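Novice: Predicted structure and sequence below. I'll ask about it afterward.
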Amino acid sequence: MLPPVAPPAPSSPLAGLPGALWLYRFDATGRAQPADALSGGAAAATWHWLHLDLSDARSAQLAATLPIPDDARAALLSPDTYVNLQREDDAAHGVFVDWVHQRGVDLAAEGQLRGDDGIGWLHFALTPSLLVTARRQPLRSVEAARRGITGSARIASPARLLEAIVEHFADTVERSSDSLSTRLDRIEDRVLADSIGEERRDLAQLRHQTVRLHRPLTAMRRVLKQFEQRHVSEEDDDLLATVSRLNQRFDDLDGDVATLQERARLLQDEVAAKLAERTNRHLYVLSMVTALLLPPSLVAGLFGMNLPGLPFAHSTHGLAFAMLLGVASSVLVFLALRRMGVSRST
């Protein structure tokens, strides 16, 4: 008897798009639905979001079939790791920065950066009817945007979807900045209360985290501002309006992070000054003790010499006289230091 034949495995929804991670079609209301192929919709407002995995060699074959300009296709597949944004007629392309997403982490419960979160790069090509994004590592903002559109979010155009992705990046920066500000407030309270313990280490870690926030933020802000300046004469443009809104958001964030950096630097200087003052006090006490014990040590050394003719050598009260002489020498040194002002701590 022949063994039963297993039914054929169902084909992947993206079997015809090798190298793609997902494809969504947006209708005229901005509602997203999974799709298995790029196709024109009946409504003029229908457009698509295609997300590629650049670690899959087949993504290059898929990109070659997309209805985007050659420069946009090259930027989409390039290994560039710097922020840029270019425009060609009604298409745009570039590379934005994002945070690497750890698989298995709940984005809803993840409000800010962790210590091991790294930088990732989002390559994209944008046309009026298509947004193509590509990455080599899972990216947090892209995943957050995907979860948003599969929920209740409505996106009207590819430019607005790109804005939503960048806004998720900015939200992470803002939440992390607020958390760092709270930590800095606690450190500042301890410093002002002269309760300095591990503040130098904490401030060093905090400054390192603010630098991690500020570098990608500065790169995004610079590129978006330059793009807006180049195309300032264009009106009623969806992408330019998006860039303008993002510029305002990044300007505010940059000011907040820069303020954090300045506060942390000033507080680190104050901690160093307080620690130096504490060290100086300890050195002052040690110097005074050394100065006061030096004459008695000289007296003890003098009477410890095994030579004939030492004073009080045959007296029954010689030890008392030697101790009294040592104490008197310390008192004389103390009075001399006080007269010179050395014994007064500053």
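Specialist: Great, that's in hand.
Novice: The stretch 101-250 of the chain: helices as residue ranges?
Specialist: Using DSSP state H, counting those that start in this stretch, the helices of the stretch 101-250 of the chain run over residues 140-149, 158-192, 199-230, 238-303.
Novice: Now do the helix or strand following the last one against helix 238-303: the angle between them, please.
Specialist: I take that to be helix 238-303. Scanning the chain past helix 238-303 towards its C-terminal end, the next helix or strand to appear is helix 318-340 (assignment: DSSP states H and E). Put simply, helix 318-340 runs at 140 degrees to helix 238-303, going by axes from the mean of the first three to the mean of the last three C-alpha atoms, to 10 degrees.
Novice: which helices and strands does helix 318-340 pack with?
Specialist: Taking 3 or more C-beta pairs under 8 Å, 6 or more residues apart in numbering; DSSP states H and E as contact, the helices and strands that helix 318-340 lies on are helix 238-303. To be clear about C-beta, it is placed using only N, CA and C from the backbone, and glycine gets the same treatment.
Novice: got the domain boundaries for the chain?
Specialist: With automatic domain parsing serving as the domain definition, the record reports that the chain contains domains spanning 13-154, 284-340.
Novice: Lowest mean pLDDT across the helices of the stretch 101-250 of the chain, which one is that?
Specialist: With a mean of 83, helix 238-303 has the lowest mean pLDDT of these.
Novice: Work out the gap between that one and the centre of the chain.
Specialist: From the chain centre to the centre of helix 238-303 is a distance of 22 Å (C-alpha atoms, centre = their mean, to the nearest Å).
Novice: Summarise which helices and strands it is packed against.
Specialist: When contacts are defined as 3+ C-beta pairs under 8 Å, 6+ apart, helix 238-303 sits against helix 158-192, helix 199-230, helix 318-340.
Novice: Dump the ones you listed into CSV; add distance to residue 138 as well.
Specialist: Compiled in CSV, these are given as follows (distance: least, C-beta to C-beta, whole Å):
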stretch, distance to residue 138
helix 158-192, 13
helix 199-230, 17
helix 318-340, 69
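Novice: so which of those helices gets nearest residue 70?
Specialist: Proximity to residue 70 (C-beta to C-beta) singles out helix 158-192 among the helices and strands packed on helix 238-303, at 18.9 Å.
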